[in-house]
Each structure stands twice: as C-alpha cells, then as structure tokens.
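Could you look at this predicted model? Sequence included:
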Amino acid sequence: MLNIGDSIGIIACSNGKSKVDRPLIEALKEKLKLQFGIQTIEATTLYQQSNSLFSGTKYERRDALMNLYLNPKVKMIFDLSGGDVANELLPLLDFKMIQKANTPFVGYSDLTVLINAILHKTGINGFNYQLLNLVKKDATLQESYFSKVFMENKSVELDLTLGSTEMISSNETMIGGNIRCLLKLAGTRFLPSAKNNWLLLEARSGDIATISSYFAQLEQIGYLEECKGILLGEFTELNEKQQINDLKKLILSYASKYHFSIAQTQEIGHSSMSKPVLIGTRSKAL
C-alpha cells in the first residue's frame with residue numbers, strides 16, 4: 001500500500017469542505033508529511049466554491065477525481081467529504097480507466113456510493129474511513145490505525161458486542177457502509193451483489209422508524225436474503241435516543257427469517273474513534 005515518500009490525493013466528491021476546515025486540512029497534510037513521510041496532492045475540488053455547498057459542478061468533480069487516477073504519483077485517494085451529492089458522479093466516471101489505475105479509494109458516509117460502485121465495476125478494494133480523524137481527538141490511536149492499515153497493509157481488530165471476527169473469514173467480501181447512502185445505489189447498475197457477502201451497515205442520522213424503513217428496502221432488493229452476514233456499525237442517533245435494543249430486535253427478526261450471521265461494533269461509523277475497514281475481498285488486500 002503506502003510507503004515513505006509516496007503521495008496520496010485528497011478530494012471532496014460529495015459536499016465541499018468549508019473554508020473554516022482549511023486549518024484542519026493543512027494540519028492533516030503536515031502530519032502526513034512529518035509523521036508518515038506521505039505527500040498530499042490536493043484536488044481542485046476540495047473546498048466549497050462561492051456560497052455553494054459544492055466543490056465544483058459534477059463534471060468538475062468528475063474531472064478532478066479522474067485526474068487523480070491518471071496521476072502515477074497518486075498511490076491512494078482519500079475523500080475528506082461527506083453529505084449528499086457523491087452519486088452525481090457515478091454515470092460520468094471512466095471505470096475502465098479507474099480499473100487500469102488500480103488506485104484504492106477511501107472515504108466514508110456519502111462516499112459509500114463511490115466505494116461500492118468502484119468495487120462492483122472494477123473489483124478494486126476500497127476503505128470506509130475518514131482521514132481527518134488523524135487530526136481530531138484521540139489522534140494517537142488514529143495514528144496507529146493509519147500506520148497498520150495503510151502502511152503495513154494489515155487489518156485492525158474490532159471490538160464486537162455481538163458475534164466474532166472469526167465469523168468473517170479471510171477470503172470473504174465486505175460491501176456496504178452508510179445504510180442511507182448505500183441505498184442510493186438500489187435499482188442502478190452500480191449496486192454490488194450481496195450474494196454470499198458480508199454487509200456493513202452504519203448510520204449517523206435516523207431514528208428507529210427511519211432505520212426500519214431502510215431495512216425494509218434492503219429486504220425488498222434481495223440483500224437480506226442473499227447476504228452471508230451483517231456487521232452493524234455505529235448508529236449515532238439510535239445511540240442518542242437509546243433505541244439500540246430496538247435495532248437488535250429488528251436485525252434478529254430478519255436474521256431468523258433469512259439465516260444470516262450478525263456481528264456488531266461501535267468502532268465503525270461517524271465517530272472520530274472509528275477504525276478503517278476494508279470494503280472488498282480481504283484476502284486480496286492482505
């Protein structure tokens with residue numbers, strides 16, 4: 001994966017970063033350079049333009065992303081954004097060129113749509129992770145996660161409250177990420193198959209009624225019938241509203257019907273403590 005002296009690309013394919021985030025991003029670039037020996041190449045579509053939420057039009061964001069894929073110096077692409085509009089890029093991307101570049105894409109939240117679409121169209125693994133965690137609280141732990149996953153090419157162990165990491169063998173595929181954003185791919189040519197795969201699901205927003213509706217849609221597109229297991233990540237609003245037991249009851253009702261395995265962790269999601277997790281085939285990356 002990454003070695004000292006390598007370069008990574010940073011970009012915002014979803015909502016652009018606010019100008020007030022610039023000091024944090026500059027601190028991130030400095031930490032990557034001084035602590036890990038990693039250089040950064042900043043895409044032209046990183047910060048919001050004018051008074052807009054966008055870092056550029058969908059075509060400008062597409063071009064900026066493809067320029068990173070075309071740059072032989074870029075060894076990985078880290079998207080620092082989140083929000084709503086990453087799926088605008090999907091029909092505009094050159095997946096053959098992306099496959100040829102073979103550059104892993106890393107992001108979280110709304111970038112679930114790009115990570116899974118790229119995996120489906122090219123077979124290239126990605127990672128569910130927010131790189132800005134490196135310069136937020138508990139940075140020492142994040143530094144160890146970054147080093148282990150992205151420089152040593154190893155996985156980090158997850159603390160599971162249900163299930164066991166042994167349930168997920170080294171040659172299986174994990175798809176998914178943010179449940180709301182994954183469902184943007186439903187009915188499109190960009191949705192990966194759930195057949196015999198593990199499904200990662202987490203959410204920042206959504207009470208139990210909202211999350212129940214998402215699971216109903218997952219059932220209706222055949223995901224719950226086909227998947228081998230579900231790894232539940234952090235559901236932030238459910239935690240705040242003390243509805244996690246309702247989520248457990250919900251997932252157990254589906255598991256008893258479709259006979260998939262269940263694992264649960266609070267270490268994947270929108271928290272600044274979240275760990276990087278591979279989206280793709282583990283045996284291919286390790």
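It's in. Numbers count the residues shown, from 1 in each chain.

is it true that residue 155 touches residue 278?
Yes. Here residue 155 lies in contact with residue 278, judged by Cβ atoms under 8 Å, at a distance of 6.7 Å. Quick note: C-beta positions are derived from backbone N, CA and C, even for glycine.

okay, these two: which has more neighbours?
The neighbour comparison of residue 155 against residue 278 (other Cβ atoms under 10 Å) goes to residue 278, with 21 against 17.

what about the more buried one, is that helix, strand or coil?
Here residue 278 is strand, with the state taken from DSSP: H, G, I helix; E, B strand; the rest coil.

Leaving out chain neighbours, which residue sits closest to residue 251?
residue 262 (5.9 Å; Cβ to Cβ, 6 or more residues apart in numbering).

So that neighbour lies in a helix, does it not?
No. Counting by three-state DSSP, residue 262 is not found in a helix; it is strand.

May I have the residues that are in contact with the closest residue to residue 93 other than its chain neighbours?
Nearest in space to residue 93, with sequence neighbours left out and distances taken as Cβ to Cβ, 6+ apart, is residue 62 at 6.4 Å. Listed by Cβ atoms under 8 Å, 6 or more residues apart in numbering, the contact set of residue 62 reads 89, 92, 93.

separation between residue 62 and residue 69?
Distance check for residue 62 against residue 69: by Cβ to Cβ, to the nearest Å, it reads 11 Å.

Assign a three-state SS to residue 84, would you?
Going by three-state DSSP: residue 84 is coil.

and it, what is it in contact with?
Per Cβ under 8 Å, 6+ apart, neighbours of residue 84: 14, 15, 110.

Angles on the backbone of it, please.
In terms of degrees, to the nearest 10, the main-chain angles of residue 84 are phi -140, psi -20.

Repeat that for residue 203.
Dihedral pair for residue 203: phi -160, psi 140, per degrees, to the nearest 10.

bridging residues for it?
Beta-bridge pairing of residue 203 under DSSP bridges involves residue 235.

so it makes contact with residue 180?
Yes. Counting by Cβ under 8 Å, residue 180 is a contact partner of residue 203 at 6.2 Å.

More neighbours: the two, which one.
The neighbour comparison of residue 203 against residue 180 (other Cβ under 10 Å) goes to residue 203, with 24 against 20.

how near is the more buried one to residue 235?
Residue 203 is 5 Å from residue 235, by Cβ to Cβ.

what sits in contact with each of the two?
211, 269.

and residue 126, what does it touch?
Residues counted as contacts of residue 126 (Cβ under 8 Å, 6+ apart) are 104, 105, 106, 107, 114, 115, 116, 118, 119, 278, 279, 280.

In helices, which of these appear?
Among the contacts of residue 126, the members found in helices (DSSP state H) are 114, 115, 116, 118, 119.

Residue 188: neighbour count?
So residue 188, with other Cβ under 10 Å, has 13 neighbours.

Isn't it up against residue 113?
No. Using Cβ under 8 Å, residue 188 is not in contact with residue 113; the gap is 9.2 Å.

got any residues that touch both of those two?
Common neighbours of residue 188 and residue 113 (Cβ under 8 Å, 6+ apart) are residue 90.

related to what we said a few turns ago, so which of the contacts of residue 126 wins on neighbours?
Most surrounded of the contacts of residue 126: other Cβ under 10 Å gives residue 115, at 31 neighbours.

State the pLDDT value of the spatially closest residue to it that is not a sequence neighbour.
Leaving aside its chain neighbours, residue 115 sits nearest to residue 126 (3.8 Å; criterion: Cβ to Cβ, 6+ apart). The confidence metric pLDDT takes the value 98 at residue 126.

the strands in the stretch 151-286 of the chain, which residues?
Secondary structure of the stretch 151-286 of the chain (DSSP state E, counting those that start in this stretch): strands at 160-162, 173-178, 198-203, 229-235, 261-265, 277-281.

For those strands, give me TSV that also has distance to residue 74.
Below are those laid out as TSV (distance: least, Cβ to Cβ, whole Å):
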stretch	distance to residue 74
strand 160-162	34
strand 173-178	22
strand 198-203	26
strand 229-235	28
strand 261-265	31
strand 277-281	19
